[in-house]
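Peer 1: Give me a model of this one.
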Amino acid sequence: MNILFLRPNPGNEQFGLGPFFRVEPLGLEYIAAALLPLGHTATIADLRFRPDAATWVRRTRPRIVGISCLHALEYDQVVATAREVRKASPETFILVGGHAAMAFSSPLEQAEIDAIALDDGEALVPMLVSAIDSGTPLTEVPALRLRTKEGWITTGSPEQRTHLDLVPLPARDLVARHRSGYHCLLFKPVWLIETARGCPFRCSFCSVWQVYDRSYRERSIGAVVEDFATTGDSIFVADDLFWNNPARSLELAQALRTRGIRKKWILVQSRTDLISRNSELLEAWRPIAKDFDIFLGFEYASERALSDISKDAGVKESLTAVDVARSHRYGINGNFLIDPQWQEEDFHELWDFVAKHRLQRSGFTLLTPLPGTDMYQQNAYRLQGIPWADFDMHHLLWEPQLGAERFCELYAETWRRSILNTAGDKKLIDWLRQVKPLQIPYMIRVLRRTQAMMKPDTYLREYAATRAQRETSHNCRYSS
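Peer 2: Residues are numbered from 1 along each chain as shown. Below is the predicted model:
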């Protein structure tokens, strides 16, 4: 059977990581790798590059099309992609999966979509393909949100979580045509690696732990080592919580060193409390890359604010983690949340904290109630009519305490104090010195796009457009 997997273009990459961070569709590569040994033909098309979905459908003539939906801001684009596929091939079975689909499926329950995957695809998709191929009722396939003549229904639960070594290595060759387009700021091309999946913690703004019921699963040491050995020099480890299991992490570091693996650059994501108490772990991993960066969620600069989001780690752990990481020559990339309820003194507290502890490589995102979280349910009453594209953690979703104009001025000033401001301490020429001559045009384009985050008018225009769209939506509902 021919199966086509599509990674849609999010459509809204104006803010945040969008301008300088684009990675391969690793989840689709793992699902394809599960299908190929069964005799199926799998194609992965990344629609962030040309051509469009309809062209890929005409080229491959698939029986099934799987569309990934990773983030809430992509819901509308995913539905539009499904509509395009349906028009090009009316008989094709259309499945949507991915983190956002698992966390909150209702925006995807549309006529253009046949089913939504509510669990990991490596086991679920082969079962679905087999059922379609044999004519077995799809109600027998677990973990589906299924469109029927009577409406949308949910099939039974799987017996257990998918074992991650079901598929040892992803089918990376299926995205080879796009490899040079996967990048992270200075590093291009970038490979994505997953060594574990899930998170046992319970941050109120995050849906990962809710999707996976606070579970944490690991790939085998052998599979991870082989993945590192067969990928390129710049690696982003996609784990939500790297180094969560210190004993296993030490074993993995030893196995990589024994294999002689050394990369140019590695980026991992972890928690401040894990790092603050595991200096020996960071020491063991540091030789594996020339440049080694850690992304940390600092969230807030005060214990008072952290207590409101169930972070289970405080400012003390953040500062200790920074000291430990720097002592082993790791680069620190962090993120802070900006609450629309903030007053001016809250911004000044953050600016002072960032300056004092030299955290200018941090990003700053608006506290956003993402679908699938308790925070979303608590704020659902004031989210009606907001376009999903605005759920990128950089759009104001409602009027802030300070008023939109003043809040956006302070938010833009926060970004101006970051390393991305080419009018600040690190000039454009300083960035260009760090890349190869052939990458200079790419670097200029990326940095030019990030400068919009330093301008209050950028956010105000977007907020005005959102308010106008909500008003139109309200009037239409009232008229009907």
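
Peer 1: list the buried ones in the helix or strand hosting R58?
Peer 2: Per DSSP states H and E, R58 falls inside helix 53-60. Going by neighbour count (16 or more other Cβ atoms under 10 Å), the buried part of helix 53-60 is 53, 56-57, 60. (Each C-beta comes from the backbone N, C-alpha and C, glycine too.)

Peer 1: E409: which of these is nearest?
Peer 2: Proximity of the buried residues of helix 53-60 to E409 was ranked by Cβ to Cβ; the top entry is A53 with 40.2 Å.

Peer 1: Quick check: closest non-adjacent residue to that closest one.
Peer 2: Distances taken as Cβ to Cβ, 6 or more residues apart in numbering put E84 closest to A53, at 4.6 Å, once the chain neighbours are dropped.

Peer 1: thinking that neighbour is in contact with A54, fair?
Peer 2: Yes - applying Cβ atoms under 8 Å as the test, E84 and A54 come out as touching, 5.4 Å apart.

Peer 1: Show the low-confidence segments of the protein, by residue range.
Peer 2: 12-14, 16-19, 472-480 (pLDDT under 70).

Peer 1: quick one: the longest strand along it to chain centroid distance?
Peer 2: Identified as the longest strand of the chain according to DSSP state E is strand 289-299. Strand 289-299 sits 16 Å away from the centroid of its parent chain (Cα atoms, centre = their mean, to the nearest Å).

Peer 1: heading toward the C-terminus, what's the first helix or strand past it?
Peer 2: helix 303-306.

Peer 1: Distance from the chain centre to that following helix, please.
Peer 2: For helix 303-306, the separation from the chain centroid amounts to 25 Å (computed by Cα atoms, centre = their mean).

Peer 1: Enumerate the positions of that helix that are buried.
Peer 2: 305-306.

Peer 1: continuing past it, what's the next helix or strand?
Peer 2: helix 315-327.

Peer 1: how about the strands in the stretch 351-480 of the chain?
Peer 2: Ranges of strands within the stretch 351-480 of the chain are 363-366, based on DSSP state E, counting those that start in this stretch.

Peer 1: what are the ranges of the helices in it?
Peer 2: With helices called from DSSP state H, counting those that start in this stretch, the stretch 351-480 of the chain shows them at 374-379, 404-416, 428-432, 440-450, 456-479.

Peer 1: ranking those helices by burial, who's on top?
Peer 2: helix 404-416 (a mean of 19; mean count of other Cβ atoms under 10 Å).

Peer 1: per the record, what domains does this structure have?
Peer 2: What automatic domain parsing lists as the domains of the chain is 2-154, 182-338, 370-480.

Peer 1: Report the distance from the last one to the chain centre.
Peer 2: The reference is to domain 370-480. The answer for domain 370-480 is 17 Å, by Cα atoms, centre = their mean.

Peer 1: Does V211 touch A100 like I think?
Peer 2: No - contact criterion Cβ under 8 Å: V211 and A100 do not qualify, at 9.5 Å.

Peer 1: who touches both of the two?
Peer 2: Any residue near both V211 and A100 by Cβ atoms under 8 Å, 6 or more residues apart in numbering counts here, and that gives G372.

Peer 1: how close does F391 get to E471?
Peer 2: For F391, the distance to E471 (Cβ to Cβ, to the nearest Å) stands at 19 Å.

Peer 1: OK, contacts around R217?
Peer 2: 161-164, 196-198.

Peer 1: right, and the helix or strand after the helix or strand containing it?
Peer 2: Assigned by DSSP H and E, R217 belongs to strand 216-218. With elements assigned by DSSP H and E, the helix or strand that comes after strand 216-218 is helix 221-229.

Peer 1: is it true that V65 lies in a helix?
Peer 2: No - assignment of V65 by DSSP: H, G, I helix; E, B strand; the rest coil gives strand, placing it outside any helix.

Peer 1: Give me the contact list for stretch 76-96.
Peer 2: With Cβ under 8 Å, 6+ apart, stretch 76-96 has contacts from 6, 8-11, 47, 52-54, 57-58, 61-69, 101, 107-108, 110, 112-117, 125, 128, 132, 387-389.

Peer 1: what do you get for stretch 176-184?
Peer 2: Residues from elsewhere that reach stretch 176-184, judged by Cβ under 8 Å, 6+ apart: 20-24, 46, 48-49, 188-192, 234, 236, 267, 442.

Peer 1: Just the buried residues from those residues, in PyMOL please.
Peer 2: Buried residues within the contacts of stretch 176-184, by 16+ other Cβ under 10 Å, are selected in PyMOL with:
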select buried, resi 20+21+22+24+46+48+188+189+190+191+192+234+236+267+442
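
Peer 1: Could you check how many residues crowd around R329?
Peer 2: R329: 10 surrounding residues under other Cβ atoms under 10 Å.
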